[in-house]
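Participant: need coordinates for the following:
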Amino acid sequence: MSTYSQYRPLALGDVPQWDFETDVAVIGFGATGACAAIEAAAAGAKVMLFERSSGSGGASALSGGEIYIGGGTDAQKAAGFEDTVEDFTAYLKLAGGPCADDAKCELYGREAVAHYQWLKDQGVPYRGNYLPGKVIEPTDDSTLIWSGSEAAAPFCHKAKPAPRGHVIQHMGWGGGRPLIDILEARARDLGTEIHVDARVVALIRDGDRVAGVVVRIDNKDRFVRARKGVVLATGGFVFNDAMRRKYCPESFVVNSPIGEKDDGIGIELGASVGGDPINMDQFFTTCPWTIPAEQAHGVMVNVAGQRFINEDCYHGRVSRYAVDQLGGKVYLLLDSAHFEQPMELAGITIAGTGETWEEVEAELEMPAGSLSHTMEFYNRHAYEGRDPLFDKQVPILKPLDQSPFVALELNFETSYFSFFTLGGLKTTTDGEVLDRSGQPIPGLFAAGRCTSGLPAWGHGYSSGMSLADCTFFGRQAGRAAAVAN
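Facilitator: Okay, the predicted model is just below:
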């Protein structure tokens, strides 16, 4: 076993020999690492990429290939949507909530359209059409979808709504894999030297500067000198239970982690040389089959029969507020006009039915008058096109008055609530890792889920924000590393 540790950097003077030398060492071969390698190589740097698995992928390859882009793309314009940089940036900041990094939001807000063109220039295909409605991700090869809470309160009152999810042209779900394949091919074409089955175990430090990494290959420790910089692109920490217990214990409410080998190694490596992990309590979760199509017209209540969110917002926002509720479960209330049987994978069960909401209330064993009063108040105002409690918007705001009625149970333990972590190293817009005093650590860069980026607040996440963050700021980090002194 290696005697080197991600918790303790190796001093340059203790390096026995250099097995590899490069300008930029990229750690991790998901979308972040691929984009960092592309930009570093395009800037003229010699680039080596080290991936602990046997090939590219990471969490990016498990995604739908959707990237959050706004500010006036060709797809938005063709569909008749006027999305300004100002509205797009305002939404990004609102979505980041108390964790928003204003500088990152502003930079990406200005550069997103150019980033979209960059993706196309790498060979990423987009059909360019608009798919209306509330969908998880397209099952055809459509491009533009609504992928957040843009048209829901409070967002719609502070930033003009527009669809911003841009999905790679790909039939069916799972566009993340072909996206990674394209970026991998581009990185290889530019001369990136790729080493797989290569697990980084420690950083190498020359005084205050990160000068390389120790990599475990074929059960041997290899020493990599990085003359200009190391880029961490290793993902979050959803599969590290110890880190979750320490930083993000609320995530144990749900049980379906998304990722590949997201064990927090990059965060721990960064912290070993003084990096500052921030927003480590933040996580995203969703039970996405609650919201598409007709079920968005439903009403969400907790075990006390009380609403807690405007149900027309993004399914991840609904779910994140849901898991904050006491009782281990919530209910989605529907009438016969809006009921659709959830797919089996969702693990959503029918908990109660009735010809009246009082009957549903009794089947759920709620106190008399609790749920029925909630629905009486909701329906009375929905007839008027208003939701004075949570500001649910027309046309999704509709009374639920067509019996029979049903209550679907979303159980945090048994229903499919997928989740991943959002906290990570604090970085500049150029991907420089910052220490606790706010100063860059020379030679160390990071991007993607091992950092706190655009998707910084679980209650404000929108689909495509992670791929937007890792592709754009992966580029930033790779470019900055290539020109570092």
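
Participant: tell me, how many neighbours does L389 end up with?
Facilitator: The criterion is other Cβ atoms under 10 Å. On that basis, L389 has 15 neighbouring residues. From N, CA and C alone the C-beta is placed, and that goes for glycine too.

Participant: give me the most central residue, the protein.
Facilitator: For the chain, the residue whose C-alpha lies nearest the mean C-alpha position (Cα atoms, centre = their mean) is S466; its distance is 3.7 Å.

Participant: wait, it touches L62, no?
Facilitator: No - in this structure S466 lies outside contact range of L62 using Cβ atoms under 8 Å: 10.8 Å.

Participant: please enumerate the helices of the protein.
Facilitator: Taking DSSP state H as the criterion, the chain carries its helices at 31-42, 58-61, 74-78, 85-96, 102-121, 176-189, 241-247, 265-272, 315-322, 357-363, 370-382, 465-482.

Participant: comparing these by mean pLDDT, which bottoms out?
Facilitator: Across the helices of the chain, helix 58-61 has the smallest mean pLDDT, namely a mean of 92.

Participant: output the contacting helices and strands for it.
Facilitator: Counting by 3 or more Cβ pairs under 8 Å, 6 or more residues apart in numbering; DSSP states H and E, the packing neighbours recorded for helix 58-61 are helix 31-42, helix 176-189, helix 465-482.

Participant: just name the most buried of those.
Facilitator: Greatest average neighbour count among those goes to helix 31-42 (a mean of 31), per mean count of other Cβ atoms under 10 Å.

Participant: between that one and helix 102-121, how big is the angle?
Facilitator: 70 degrees (axes from the mean of the first three to the mean of the last three Cα atoms, to 10 degrees).

Participant: still on that earlier bit, out of the helices of the chain, which gets nearest to D218?
Facilitator: Taking Cβ to Cβ as the criterion, helix 265-272 is the member of the helices of the chain that comes nearest to D218, at 19.0 Å.

Participant: quick check: angle from that closest one to helix 31-42?
Facilitator: 70 degrees.

Participant: what lies in contact with helix 265-272?
Facilitator: Counting by Cβ atoms under 8 Å, 6 or more residues apart in numbering, the neighbours of helix 265-272 from elsewhere in the structure are 5-9, 27-28, 200, 202-203, 232-237, 243, 275, 277, 424-425, 433, 441, 444, 446, 450.

Participant: correct me if wrong: R216 contacts D197.
Facilitator: No - under the criterion of Cβ under 8 Å, R216 is not in contact with D197, lying 9.1 Å apart.

Participant: comparing these two, which shows the higher neighbour count?
Facilitator: Between R216 and D197, counting by other Cβ under 10 Å, R216 is the more crowded of the two (19 against 13).

Participant: so what's the nearest residue to the more buried one once chain neighbours are set aside up against?
Facilitator: Take R216 and drop its neighbours on the chain: the residue closest to it by Cβ to Cβ, 6 or more residues apart in numbering is R199, 4.5 Å away. R199 makes contacts with 52, 215-217, as judged by Cβ under 8 Å, 6+ apart.

Participant: repeat the analysis, applying 10 Å as the threshold.
Facilitator: Taking Cβ atoms under 10 Å, 6 or more residues apart in numbering, we find R199 in contact with 2, 27, 50-53, 214-217, 261, 265.

Participant: so what's Q325 up against?
Facilitator: Shown in contact with Q325 (Cβ under 10 Å, 6+ apart): 253, 300-304, 306, 308-309, 412.

Participant: point out where this protein drops to low pLDDT.
Facilitator: Along the chain, the model assigns pLDDT under 70 to residues 1-2, 289-294.

Participant: for the biggest strand by length in it, buried residues please.
Facilitator: What stands out as the longest strand in the chain, according to DSSP state E, is strand 220-232. Burial within strand 220-232, assessed by neighbour count using 16 or more other Cβ atoms under 10 Å, is assigned to 221-226, 228-232.

Participant: pretty sure A468 contacts Y68?
Facilitator: Yes - counting by Cβ atoms under 10 Å, Y68 is a contact partner of A468 at 4.2 Å.

Participant: mind listing the shared neighbours of the two?
Facilitator: In terms of Cβ under 10 Å, 6+ apart, A468 and Y68 are both contacted by the residues 92, 108, 112, 164-166, 454-455, 462.

Participant: any chance of the contacts of R199 in a markdown table, plus distance to A78?
Facilitator: Output for the contacts of R199, formatted as a markdown table (distance: Cβ to Cβ, whole Å):
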| residue | distance to A78 |
| --- | --- |
| S2 | 54 |
| I27 | 39 |
| F50 | 41 |
| E51 | 38 |
| R52 | 41 |
| S53 | 38 |
| V214 | 50 |
| V215 | 46 |
| R216 | 49 |
| I217 | 48 |
| K261 | 39 |
| I265 | 42 |
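
Participant: before we move on, back to that, identify the contacts common to R216 and D197.
Facilitator: For the pair R216 and D197, residues contacting each of them under the criterion Cβ under 10 Å, 6+ apart are 50, 52.

Participant: surely A481 touches P440?
Facilitator: No - here A481 lies out of contact with P440, judged by Cβ under 10 Å, at a distance of 11.7 Å.

Participant: what do those two both touch?
Facilitator: In terms of Cβ under 10 Å, 6+ apart, A481 and P440 are both contacted by the residues 430-432.

Participant: among those residues, who's most crowded?
Facilitator: G431 (30 neighbours).

Participant: tell me the bridge partners for L49.
Facilitator: Under the criterion DSSP bridges, L49 forms beta bridges with V26, I194.

Participant: quick check, it in contact with L190.
Facilitator: No - applying Cβ under 10 Å as the test, L49 and L190 come out as separate, 11.1 Å apart.

Participant: compare neighbour counts for the two and give me the winner.
Facilitator: Taking neighbours as other Cβ under 10 Å, L49 and L190 compare with L49 leading, 29 against 14.

Participant: and that one, what is it in contact with?
Facilitator: Neighbour list for L49: 22, 24-29, 33-34, 36-37, 40-41, 56, 184, 187-188, 192-196, 198, 231, 233 [criterion: Cβ under 10 Å, 6+ apart].

Participant: next: A337.
Facilitator: For A337, the residues meeting the contact criterion (Cβ under 10 Å, 6+ apart) are 294, 297, 398-403.

Participant: buried subset of those?
Facilitator: Buried members of the contacts of A337, counted by 16+ other Cβ under 10 Å: 297, 398-400, 403.

Participant: which of those residues sits closest to D14?
Facilitator: Minimum distance to D14 across the buried ones among the contacts of A337 is 63.9 Å, recorded for H297 (Cβ to Cβ).

Participant: touching, that closest one and I396? I think so.
Facilitator: Yes - the pair H297 / I396 is scored as a contact, 5.8 Å apart, by Cβ under 10 Å.

Participant: related to what we said a few turns ago, any chance of the contacts of A337 in TSV, plus distance to S370?
Facilitator: Converted to TSV, the contacts of A337 look like this (distance: Cβ to Cβ, whole Å):
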residue	distance to S370
E294	25
H297	22
K398	22
P399	19
L400	16
D401	19
Q402	22
S403	19
